[in-house]
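Student: no sequence on hand, only this structure:
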């Protein structure tokens, strides 16, 4: 005679599976906020003309990248709080690692908007976790241009 597991064990197992899946889904969905927050921090440093802070936020920045960042911080220096107007990420909602551009439009009150491209790297996967890193930031591009 085969014994069936008690109903309470099956319900508990179902609840545990549901909680585990919910946790993984929540972690995956919060990656968009992590990327946006990292980019906002980078743009804030840029708007304050703080190239040193920008360089600490960019991973694997080459000597030409460092020079580019210094120029960028000097040219795009603005006074005031940075407001993100729009963003479009090529790595959004990826289940595995990816490298791509995030097109970001931002402004400081009283100034015209700036559009830039940020190269973003995501490593890992949805099960073990994905790490977001900013690699490069472009100079301002025309507002109708793609990355």
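Tutor: Okay, I see it. Computed from a prediction, not measured in an experiment: that's the story for all the values here. Numbering: from 1, shown residues only.

Student: surely residue 61 and residue 72 touch.
Tutor: No: contact criterion CB atoms under 8 Å: residue 61 and residue 72 do not qualify, at 11.6 Å. For the C-beta atoms, the positions are set from N, CA and C on the backbone; glycine is no exception.

Student: helix, strand or coil: sort out residue 92 for me.
Tutor: Following DSSP: H, G, I helix; E, B strand; the rest coil, the label given to residue 92 is coil.

Student: and the gap between the residue most central in space within the chain and residue 29?
Tutor: Residue closest to the average C-alpha location in the chain (CA atoms, centre = their mean): residue 35, at 1.5 Å. Distance, residue 35 to residue 29, using CB to CB, to the nearest Å: 12 Å.

Student: and the least confident helix or strand in the chain by mean pLDDT, how far from the chain's centre?
Tutor: Between all helices and strands in the chain, the lowest mean by mean pLDDT, DSSP states H and E belongs to helix 7-29, at a mean of 85. For helix 7-29, the separation from the chain centroid amounts to 27 Å (computed by CA atoms, centre = their mean, to the nearest Å).
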